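In: Provided below are the primary sequence and the corresponding predicted coordinates.
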Amino acid sequence: MSIFVDESTKVIYQGLTGSQGRFYGLLNREYGTQVVAGTNPKKAGTDVDGIPVHATVGEAVEATGATASCIFIPAPGVRSAVMEAAEGGVTFIVAITEGVPAQDEAWFFNKLKRDFPDVQLLGPNCPGIISPGKANIGITAGHIAKAPVEGEKTVGIVSRSGTLTYQALYELKLNDIGVSTCVGIGGDPVPGTSFIDCLERFEADPETDAVMMIGEIGGSAEEEAAEFIASKMSKPVVSYIAGVTAPPGKKMGHAGAIVSGGKGTAQAKMDALRAAGAEVGLNPTEAGRLMVEVVKGL
Amino acid sequence: MDLYEYQGKQFFARYGIPVSPGEAVTTVDDAVAAAERIGYPVVVKAQVQVGGRGKAGGIKLADSADEVRTHAGNILGMDIKGHTVETLWIELASDIAEEYYASFTLDRSAKKHLGMLSAQGGVEIEAVAEENPDAIAKIWVDPVDGLTEQQARAWVEAAQLDPAATDGAVDILLKLYTAYVEGDADLVEINPLILKPTGEVHALDAKVTLDGNSLFRHEDYEVYEETQVRDEREQAAHDKGLQYVGLDGFVGIIANGAGLAMSTVDIVSQVGGEPANFLDIGGGASAEVMAGALEVINNDAAVRSIFINIFGGITKGEEVANGIVTALGRVQIDVPIVIRLDGTNADLGREILEPHLSDKLQMQPTMVDAAETVVALAGK
């Protein structure tokens, strides 16, 4: 099993006709993802390397039965692209685009929650999601992840950072540990999918035996995740938090990675996670090593 | 993007929030001329993006041209907590009956907008929150619904402002919310929000942070870009479109991805070094971007060694390595460099780098090894 997506997930690429959409859409298809359609109102009826392009998500859903979409639309169009996907009938939306205004994110997060409670949004500003060996939706290099092997212990990953996610996938692969699903929730202030959304599903997923959680400074999502781990999780969690030495008041690359008013420090997050029973590595390599030990002990 | 008080007030004025008439000036003569136009008494206010201006002597009342001349002369060029005063805001002085506090920001945990209102204004809200949290009335606004007048009125009542301030405060809070949403702000804060003896409510200060991601729909925000407080290094990086944060140490850092860059800064500190910067070059790691990053770091006189930490994902190791080699051919670097290259086709990338290695260009297999090496090299 995996969470959110697997080999049967049919995906529509909003922005497939753009350079990024085409590049990653075709890479994802090559990986094995069911890339069933693209959308572009001006190019309906054409195709991208054999993938049909429809005018809207609604029409693409009708034609293909897709349940997911992946957004490679530039930031100004993301708000309407997210709503078009939800109104078009998909239930899982992956928004890769970075640079989306926080006001838009706050608006469509609440709009979806109210009018489309069954829709799960991942991102924006995220690398996407990969269930190794099954489906890869987004910009992760699929070959750096080891697919789960039956009978072997399997890890789920959830992360706010792109490259650190790849790092984690890679370290696990070097140690011959398979991954059920790796979810990049992104580094923006209002992520559509939270750590808890993923932890909850990993806890319920029979294939996942342990979880690697990669956080960073800013906000309180890690502290909230720690509470969830303490009260609701039986599976072991290994964590790493980036930004221990980040100066206050500075955005560290990600829009959401900022310590403000003394809140959102890495130390507070690590303390909360340790108190919740999670193991915390001081750098990505140490977190990888801790995970290897945890898996051996299972 | 942080705005100066005068920019914040101009921003507020666009949404109809009452502010005092005033002018921004950069010379003593202009300060006097502005005061003459505005009429006395005026307040001469240092424009710096740091709290505690008043205590530092950066805010003075002036009753005459001579007083304006004296105060403006003293305040211009003044250093307030490391910020040099280059601009003054001259505004008509206000009579104050009461001082309140009002703000909107995003509550990331609730994923709703958070409004805070307090009858205890004019002091740092963090101090109020600590000593007397009940003195802050909070309201969570669903972005889909927005703020209604009825909610605003109940909120003002909960904050127990002087009843004379109710109508004026409700009006300002509704406008402040509009400014926050339509203006794409991360933060709008009025401290103090004042009640005048004559019954009007009015913004006496303005603290505004705008969302840099919203520039595509606010072309006029370009002017704020130009007045952002950046050190020389940050400005150079910004001009090259690089994500850079200046730090105080001596190990220059280049990494791909915000998380990995943060992680690199951390690990250099963990092994006893002091990072000179955070620099995220993004996913591609092309020769062009790498050369730009090296130029920025090279211009930082404090840098004694450089750590290039790249994890290849979609961008393959050999492309990264070729980018580094080309960049090093373009930029003359005098301090030693340590490279850690991992991920997709890391082996091929390392092979490409191998013939270029020397005492001044080293390669290490892991982040920890590379961090230890780069810190050791900085010490020499």
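Out: Good, I have the coordinates. Only a predicted model underlies this, so the values are computations on that prediction, with no experimental measurement involved. Numbers count the residues shown, from 1 in each chain, chains lettered A, B, ... in the order given.
In: May I have the predicted confidence score for B:Ala285?
Out: B:Ala285 is assigned a predicted lDDT (pLDDT) of 69.
In: my bad, A:Gly45
Out: pLDDT, A:Gly45: 96.
In: how near is it to chain B?
Out: For A:Gly45, the distance to chain B equals 30 Å [Cβ to the nearest Cβ, to the nearest Å]. (Glycine included, C-beta is placed from N, CA and C.)
In: Ignoring the adjacent residues along the chain, who's closest to that residue?
Out: Once flanking residues are discounted, A:Gly45 sits nearest to A:Val53: 7.1 Å by Cβ to Cβ, 6 or more residues apart in numbering or on different chains.
In: what's around the one you found, how many residues?
Out: Using other Cβ atoms under 10 Å in any protein chain shown, A:Val53 has 20 neighbouring residues.
In: now do A:Thr163
Out: Neighbours of A:Thr163 using other Cβ under 10 Å come to 29.
In: Ramachandran coordinates for it?
Out: phi -60, psi -30 (degrees, to the nearest 10).
In: can you pull the contacts of the residue lying closest to it once chain neighbours are set aside?
Out: Once flanking residues are discounted, A:Thr163 sits nearest to B:Gly257: 2.8 Å by Cβ to Cβ, 6+ apart. By Cβ atoms under 8 Å, 6 or more residues apart in numbering or on different chains, the contact list for B:Gly257 reads A:Ser161, A:Gly162, A:Thr163, A:Leu164, A:Gly253, B:Asp280, B:Gly282, B:Gly283, B:Phe311.
In: now the helices: where do they sit in the chain?
Out: As the question left the chain open, I've gone with chain A. A:19-31, A:57-64, A:78-88, A:102-115, A:162-174, A:195-204, A:221-232, A:266-275, A:284-297 (DSSP state H).
In: I was after chain B.
Out: Here chain B has its helices, by DSSP H, at B:5-14, B:28-38, B:65-75, B:125-131, B:149-158, B:166-182, B:222-226, B:232-239, B:258-270, B:287-298, B:317-330, B:346-353, B:367-379.
In: Deepest-packed of these, please.
Out: Of all those, helix B:258-270 has the most neighbours on average by mean count of other Cβ atoms under 10 Å in any protein chain shown, namely a mean of 28.
In: Domains of the chain: list them as residue ranges, please.
Out: Using chain A here. Listed domain ranges for chain A are A:10-122, A:145-297 (source: automatic domain parsing).
In: Correction: the question concerned chain B.
Out: Split by automatic domain parsing, chain B gives B:21-92, B:98-224, B:232-379.
In: Now find how far off-centre the last one is within its chain.
Out: Once both centres are worked out by Cα atoms, centre = their mean, to the nearest Å, domain B:232-379 turns out to sit 25 Å from its chain's centre.
In: Okay, now that domain: how far is its last residue from its first?
Out: One end of domain B:232-379 sits 25 Å from the other (Cα to Cα, to the nearest Å).
In: Please apply the same query to the first one.
Out: Across domain B:21-92, the terminal residues are separated by 6 Å (Cα to Cα).
In: So is it next to chain A?
Out: No - using Cβ under 8 Å from any Cβ of the partner chain, domain B:21-92 never reaches chain A; the gap is at least 9.9 Å.
In: so how far is chain B from the residue nearest to A:Leu169 when sequence neighbours are not counted?
Out: Excluding the flanking residues, the one nearest A:Leu169 by Cβ to Cβ, 6+ apart is A:Ala145, at 4.4 Å. Going from A:Ala145 to chain B by Cβ to the nearest Cβ gives 11 Å.
In: Report how many residues lie close to A:Ala145.
Out: A:Ala145: 26 surrounding residues under other Cβ under 10 Å.
In: need the contact list for it.
Out: Neighbouring residues of A:Ala145 by Cβ under 8 Å, 6+ apart: A:Ile130, A:Pro132, A:Leu169, A:Leu172, A:Lys173, A:Val179, A:Cys182.
In: same thing with B:Asn322?
Out: Residues near B:Asn322 by Cβ under 8 Å, 6+ apart: B:Ala287, B:Ile352.
In: Looking at it now. What's its pLDDT?
Out: So, for B:Asn322, pLDDT stands at 90.
In: of all the helices of chain A, which has the lowest average per-residue confidence?
Out: Averaging pLDDT over each of these singles out helix A:162-174 as the lowest, with a mean of 90.
In: In contact with residue 253, which residues?
Out: Assuming you mean chain A. Contact analysis of A:Gly253 by Cβ under 8 Å, 6+ apart lists A:Gly187, B:Gln243, B:Gly257, B:Ala258, B:Gly259, B:Ala261, B:Met262, B:Phe278, B:Asp280.
In: To clarify, I was referring to chain B.
Out: By Cβ under 8 Å, 6+ apart, the residues touching B:Ile253 are B:261, B:264-265, B:268, B:275-279, B:297, B:306-307, B:309.
In: Restricting to the residues you listed, which residues neighbour chain A?
Out: Contacts with chain A within the contacts of B:Ile253, counted by Cβ under 8 Å from any Cβ: B:Ala261, B:Val265, B:Pro275, B:Phe278.
In: farthest-separated two in those residues?
Out: B:Ala261 and B:Pro275 (9.9 Å; Cβ to Cβ).
In: Am I right that B:Glu149 is in contact with B:Lys175?
Out: No - contact status for B:Glu149 versus B:Lys175: not in contact, 11.4 Å apart, counting by Cβ atoms under 8 Å.
In: In CSV, list the contacts of A:Ala145 along with neighbour count.
Out: Shown next, in CSV, are the contacts of A:Ala145 (neighbours: other Cβ atoms under 10 Å in any protein chain shown):
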residue, neighbour count
A:Ile130, 31
A:Pro132, 26
A:Leu169, 28
A:Leu172, 25
A:Lys173, 17
A:Val179, 24
A:Cys182, 30
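In: In terms of distance to chain B, which of these ranks first?
Out: A:Leu169 (9.3 Å; Cβ to the nearest Cβ).
In: Let me see the contact set for that closest one.
Out: Contacts of A:Leu169 (Cβ under 8 Å, 6+ apart): A:Ile130, A:Pro132, A:Thr140, A:Ile144, A:Ala145, A:Lys146, A:Ile157, A:Val179, A:Cys182.
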